[in-house]
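[1] coords please:
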Amino acid sequence: MRPLPLSAGPFPLPGPPDELPPRRRIVGEIWLVLGLSLGASAVYSIVSIADSVTRTQPLSRQVRSLNAALSDRQVFDLSYQFLAIFFDLVPVVLVGFLLWRAARPHLGRLGVDLRRPGRDAVVGLGLALAIGIPGIFVYLGSKAIGINLTVSPSPLDTYWWTVPILVLSALRAGLQEEIIVIGYLFARLRDLGWRPWPIILVAAALRGSYHLYQGFGAFVGNFAMGALFGWLYTRYGRVLPLVIAHFVIDTAIFVGYPWAASAFPGLFGVPK
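    Take a look at the predicted model:
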């Protein structure tokens, strides 16, 4: 990908369209979109970490379940899991509707097109490796110094559909976070006249905040990931490599972490 100035991009970061909604309407729209999606997650996550740090038990000895069961009956657990994924993707469709353009690429302001799938996949896989491996050490290090909770994964052999649902959950996370936090938020904050670096830092802080329920190490790691993704987006203007990278990382966490935690319980400190 050819580097571009921070103020430009191949197609998703042009100047605003000829006719923008009033400034107040854009601000209201941003709050509504975030309130229906990751902004709400951030609020719950902040309350969760406040709950955790005010307990007598150290953070590193508290446990947060990852992808926990939603019912003790198989058919309802599957139903709840699938519905949660489906409705989490509705705000993604909403921002596509809000920023749809008549000209091609229709979702250009979100950084989405399918012109270079092979190249996007290669870049995404490279990003996943560059971020995922250091992320393991950030998690282990933050647990060791007592600023992160222990993340307990769900077992992979609960039901026949457990792994497919975990993969769908990873896809949901990649689409929701990158299209809303990167594609949509960057476009709308640019419409409000924000410069690139304030947008990058605010989006990274939002990304870190909705991971706070796992601890402060998760905030730091996701803030760093968000800053890198935001910087790459302002330079290259493509969100699909970020979606692919996020999907690969979360698939490795959701599917690979349960295996690693069971194989090396002393290293990850997951209770039996």
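[2] Go ahead and flag the most central residue of this structure.
    Closest to where the C-alpha atoms of the chain average out (Cα atoms, centre = their mean) is residue 177, at 3.7 Å.
[3] So that residue: helix, strand or coil?
    With DSSP: H, G, I helix; E, B strand; the rest coil as the basis, the three-state label of residue 177 is helix.
[4] again with residue 113
    Assignment for residue 113 (three-state DSSP): coil.
[5] circling back to that earlier point, and the nearest residue to the residue nearest to the centre of the chain once chain neighbours are set aside, how far is that from residue 24?
    Distance criterion Cβ to Cβ, 6 or more residues apart in numbering; nearest residue to residue 177, sequence neighbours excluded, is residue 246 at 6.2 Å. C-beta coordinates here come from the backbone N, C-alpha and C atoms, glycine included. The gap separating residue 246 from residue 24 is 32 Å, by Cβ to Cβ, to the nearest Å.
[6] what's the answer for residue 67, then?
    To residue 24, residue 67 is 39 Å away according to Cβ to Cβ.
[7] And stretch 62-69, what's buried?
    Of all the residues in stretch 62-69, those buried under the rule 16 or more other Cβ atoms under 10 Å are 64, 66, 67, 69.
[8] Just the residues you listed: which are in strands?
    Using DSSP state E, the subset of those located in strands is 64, 66.
[9] could you redo the buried residues of stretch 62-69 as a markdown table and give each row distance to residue 133 and pLDDT?
    Listed next are the buried residues of stretch 62-69 as a markdown table, based on distance: Cβ to Cβ, whole Å; pLDDT from 0 to 100:
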| residue | distance to residue 133 | pLDDT |
| --- | --- | --- |
| 64 | 22 | 88 |
| 66 | 19 | 85 |
| 67 | 22 | 86 |
| 69 | 30 | 89 |
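[10] what's the closest of the buried residues of stretch 62-69 to residue 201?
    Of all the buried residues of stretch 62-69, residue 201 sits closest to residue 64, with 26.3 Å by Cβ to Cβ.
[11] Same drill for residue 246 and residue 24, tell me which one is more crowded.
    residue 246 (25 against 8; other Cβ atoms under 10 Å).
[12] and whichever strand or helix holds that one, average pLDDT?
    Of the helices and strands defined by DSSP states H and E, residue 246 is found in helix 240-251. Helix 240-251 carries an average pLDDT of 96.
[13] which residues touch it?
    For helix 240-251, the surrounding residues in contact (Cβ atoms under 8 Å, 6 or more residues apart in numbering) are 111-114, 117, 120-121, 123-128, 131-132, 135, 166-167, 169-171, 173-175, 177-179, 182, 229, 232-233.
[14] where do the helices sit along the stretch 1-150 of the chain?
    For the stretch 1-150 of the chain, the helices defined by DSSP state H, counting those that start in this stretch cover 23-35, 38-53, 74-88, 90-98, 117-144.
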